[in-house]
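>>> Sequence first, predicted model second:
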Amino acid sequence: MKTILVPTDFSAPSYHAALYALQLGNQLQATKLILYNACEQPMPTDMNMGPINFIGVDQTVEASKVALEKFKNKMLAESPSAIPIETISEYTVLSHNLHELCEAIQADVIVMGVTGGGKLQETLVGSNAIHVARHAEVPVIIIPPGTVFTPIKKVLFACDFKKVVESTPITLLKKILDATHPQLLVLNIDYKERHVNPDTPFESMLLDTLLQGYNPEYHFTEDKDFIEGINNFALQHKVDLIITIPKKHGLLDSLFSKNHTKALAFHSHVPLLMIHEKN
């Protein structure tokens with residue numbers, strides 16, 4: 001976990017996430033943190049709007065570079081760190097170039113923030129974070145509003161015990177665990193065993209084999225509301241990071257549909273890390 005990518009739109013949530021990323025980088029002994037701004041001219045959404053004064057691409061990118069330097073200096077003034085901070089400005093849409101960017105800089109993890117300040121702000125600021133979390137090929141950490149960094153000592157892995165070997169990106173998961181050396185809690189949330197089937201004990205045994213050497217503790221809880229259940233568990237057990245795998249199929253497909261993902265990202269009490277299932 002040496003290179004941390006922090007997309008920013010210069011909003012308060014993205015600044016908060018950048019500070020978290022910088023402090024996380026100290027724990028991970030990261031060698032580089034990259035602040036990234038995808039800048040693009042605003043487009044009119046109403047045909048009756050008057051003309052918009054556009055500036056050129058070069059001027060837009062230059063303004064972005066200046067803003068990133070100010071952003072970086074403010075971060076370092078508030079949270080001094082020895083980790084080198086680089087900046088990248090591109091005239092593009094964040095979701096269009098992310099995969100190529102991650103490959104080019106060899107990003108190990110993306111850190112992004114969201115806001116809880118009302119439905120409009122959630123839509124504008126949160127949509128990028130949700131899109132990145134669902135589609136990025138590297139792990140993504142979403143920082144909820146008001147999160148204060150604490151060293152990652154206890155990690156909660158939410159699991160449904162379905163097709164464990166086929167769906168668990170174990171290499172990425174171990175990379176995260178090896179970087180933080182946490183106490184690992186594996187949590188299954190169900191209600192009246194609606195999703196328990198004859199394969200569940202065998203699947204849990206397979207997961208235990210995959211996590212051999214990490215001493216996982218297994219917890220099972222009933223709750224009609226997944227969001228409330230995972231938040232309550234995380235709060236009760238003083239969890240520092242929640243890890244999820246937003247599967248394309250199965251139980252977590254419904255739990256991590258757009259609305260559920262957004263709810264967990266916006267209202268989780270702790271940072272939420274998403275890693276994608278194996279292809």
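Thanks, I have it.
>>> Any regions of this protein where pLDDT drops low?
Applying pLDDT under 70 to the chain picks out residues 41-55, 115-127, 191-199, 247-268, 277-279.
>>> Just give me the longest helix of it.
Ranked by residue count and defined by DSSP state H, the top helix of the chain is helix 57-78.
>>> Where do the strands of the stretch 1-150 of the chain begin and end?
With strands called from DSSP state E, counting those that start in this stretch, the stretch 1-150 of the chain shows them at 3-7, 32-39, 85-91, 109-113, 140-143.
>>> now these in a markdown table, with distance to K175?
C-beta coordinates here come from the backbone N, C-alpha and C atoms, glycine included. Shown next, in a markdown table, are the strands of the stretch 1-150 of the chain (distance: least, Cβ to Cβ, whole Å):
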| stretch | distance to K175 |
| --- | --- |
| strand 3-7 | 13 |
| strand 32-39 | 16 |
| strand 85-91 | 22 |
| strand 109-113 | 9 |
| strand 140-143 | 13 |
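>>> Same list, the ones you listed, but as CSV with mean neighbour count and distance to A234 please.
Putting these into CSV (neighbours: other Cβ atoms under 10 Å; distance: least, Cβ to Cβ, whole Å) gives the following:
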stretch, mean neighbour count, distance to A234
strand 3-7, 25, 23
strand 32-39, 22, 26
strand 85-91, 17, 30
strand 109-113, 28, 18
strand 140-143, 26, 14
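>>> and the longest helix of the chain, how far out from the chain's middle?
23 Å (Cα atoms, centre = their mean, to the nearest Å).
>>> Strand 3-7 and that helix, what's the angle between them?
Helix 57-78 and strand 3-7 meet at an angle of 120 degrees, taking axes from the mean of the first three to the mean of the last three Cα atoms, to 10 degrees as the criterion.
>>> and helix 57-78, C-alpha only, in PDB?
Once non-C-alpha atoms are left out, helix 57-78 reads as follows in PDB (Å, rounded to 0.1, in the frame of the first residue of the first chain):
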ATOM      1  CA  VAL A  57      -8.600  24.200 -21.500                       C
ATOM      2  CA  ASP A  58      -5.000  25.400 -20.700                       C
ATOM      3  CA  GLN A  59      -6.300  28.100 -18.400                       C
ATOM      4  CA  THR A  60      -8.700  25.700 -16.700                       C
ATOM      5  CA  VAL A  61      -5.900  23.200 -16.000                       C
ATOM      6  CA  GLU A  62      -3.600  25.900 -14.800                       C
ATOM      7  CA  ALA A  63      -6.200  27.200 -12.400                       C
ATOM      8  CA  SER A  64      -6.600  23.600 -11.200                       C
ATOM      9  CA  LYS A  65      -2.900  23.300 -10.600                       C
ATOM     10  CA  VAL A  66      -2.800  26.500  -8.600                       C
ATOM     11  CA  ALA A  67      -5.800  25.300  -6.500                       C
ATOM     12  CA  LEU A  68      -4.100  21.900  -5.900                       C
ATOM     13  CA  GLU A  69      -0.900  23.600  -4.600                       C
ATOM     14  CA  LYS A  70      -3.000  25.700  -2.200                       C
ATOM     15  CA  PHE A  71      -4.900  22.600  -1.100                       C
ATOM     16  CA  LYS A  72      -1.700  20.700  -0.500                       C
ATOM     17  CA  ASN A  73      -0.100  23.500   1.500                       C
ATOM     18  CA  LYS A  74      -3.100  23.800   3.700                       C
ATOM     19  CA  MET A  75      -3.000  20.100   4.400                       C
ATOM     20  CA  LEU A  76       0.600  20.100   5.300                       C
ATOM     21  CA  ALA A  77       0.100  23.200   7.600                       C
ATOM     22  CA  GLU A  78      -2.600  21.300   9.400                       C
END
